[in-house]
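Enquirer: below are the sequence and a predicted model; questions follow.
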Amino acid sequence: MPQRLFSGLLDLLFPPRCAGCGRPGSWLCTACLTQVAWIAPPLCPRCGEPARAPACCPRRHRHPEHLDGLRSAAWHSGPLRAALHRLKYRGQRVLAAPLAGLVVAAWRRDPPPAGLLIPVPLHPTRVRERGFNQAALLAAYVGRELGLPVDARHLARIRATPPQVGLSAGQRLVNVAGAFRYSGPSLHGRAVCLIDDICTTGATLEACAAALREAGAASVWAYTVARPRWDAADRDA
Ligand SMILES: [Zn+2]
Ligand SMILES: [Zn+2]
């Protein structure tokens, strides 16, 4: 049975329920959407943390090296956190559309210079286990809304890496260094934006950006749906 027909049937059997509060009627209800904690400007131009200037950015000592800019639409908390978890670990792909909508809204307020979207790839083994790559689903919606091309084929995770959870920021960088390779049409002079669901320390996005730069990209930005508050990420590290 084709996937789309199958999920259509599931919707009939199990009508939508909000991932945040469980109320029936939609996958992410209006009440939960109003609880989304947007990361509001002024933002550090490099890493997208709330800051009046890069010099007073809380993240300034760990600014990305390979990324020109990094933005997240909202803080990883409340109903949004629940929705992201359901998308990634419970396979609720329908959540990709409303979650991508948050990126689109933030992007329109603060657009990065990008002519091409590239989702952060999963290792093929992980794609087989999960059945999909949540970043690719998000990028497809974001690209459609913004009228930007999406390349989900040529950036690959060539090394399976242990999960980043529980690792320090430094360990995360080592864990994913060299784990990605781009082998596709030349990126020479192109402005690329990576798309992912969550950015914790940015180590994975950095490793992807390094591979895209090696392939000639003129600039590499990254946009994610959410990120944990920096003090929380620090504690995590
Ligand atoms: Zn709700
Ligand atoms: Zn910063």
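Expert: Ah, there it is. Numbers count the residues shown, from 1 in each chain. Ligands and ions are numbered 1, 2, ... in the order given.
Enquirer: His63 and Ala215: what is the separation?
Expert: Distance from His63 to Ala215, counting by C-beta to C-beta, to the nearest Å: 22 Å. To be clear about C-beta, it is placed using only N, CA and C from the backbone, and glycine gets the same treatment.
Enquirer: quick one: which of those two has more around it?
Expert: The neighbour count for His63 versus Ala215, taken as other C-beta atoms under 10 Å, is higher for Ala215 (20 against 15).
Enquirer: with adjacent residues omitted, what lies nearest to that one?
Expert: On the basis of C-beta to C-beta, 6 or more residues apart in numbering, the spatially nearest residue to Ala215 that is not a chain neighbour turns out to be Tyr182, at 4.1 Å.
Enquirer: residue contacts, the residue nearest in space to the middle of the chain?
Expert: A centroid search over the chain (C-alpha atoms, centre = their mean) returns Asp196, at 1.7 Å, as the residue closest to the centre. If a contact means C-beta atoms under 8 Å, 6 or more residues apart in numbering, then Asp196 has Pro119, Val120, Ala135, Leu138, Thr204, Leu205, Ala222, Tyr223, Thr224, Val225 as its contacts.
Enquirer: excluding chain neighbours, what is closest to Ala31?
Expert: Take Ala31 and drop its neighbours on the chain: the residue closest to it by C-beta to C-beta, 6+ apart is Cys21, 6.8 Å away.
Enquirer: picking up where we left off before, and the residue nearest to Ala215, what's its pLDDT?
Expert: For Tyr182, the model assigns a pLDDT of 97.
Enquirer: cool, and the one 10 residues further on?
Expert: Predicted confidence (pLDDT) at Val192: the value is 98.
Enquirer: wait, it sits on Pro112?
Expert: No: in terms of C-beta atoms under 8 Å, Val192 does not count as a neighbour of Pro112; the distance is 9.6 Å.
Enquirer: neighbour count: those two, which is higher?
Expert: Set Val192 next to Pro112 and count neighbours by other C-beta under 10 Å: Val192 wins out with 27 against 18.
Enquirer: rewinding a little: quick check: neighbours shared by Val192 and Pro112?
Expert: Counting by C-beta under 8 Å, 6+ apart, the residues touching both Val192 and Pro112 are Trp221.
Enquirer: quick one, helices of the chain?
Expert: For the chain, applying DSSP state H gives helices covering 3-13, 30-33, 78-89, 96-109, 124-130, 134-146, 169-176, 203-214, 230-236.
Enquirer: ligand 1 is nearest to which of the ones you listed?
Expert: Nearest to ligand 1 among the helices of the chain is helix 30-33; the distance by C-beta to the ion comes to 3.3 Å.
Enquirer: what residues are up against Ile39?
Expert: For Ile39, the residues meeting the contact criterion (C-beta under 8 Å, 6+ apart) are Gly48, Glu49, Pro50, Arg71, Ser72, Ala73, Ala74, Trp75, Ala106, Arg227.
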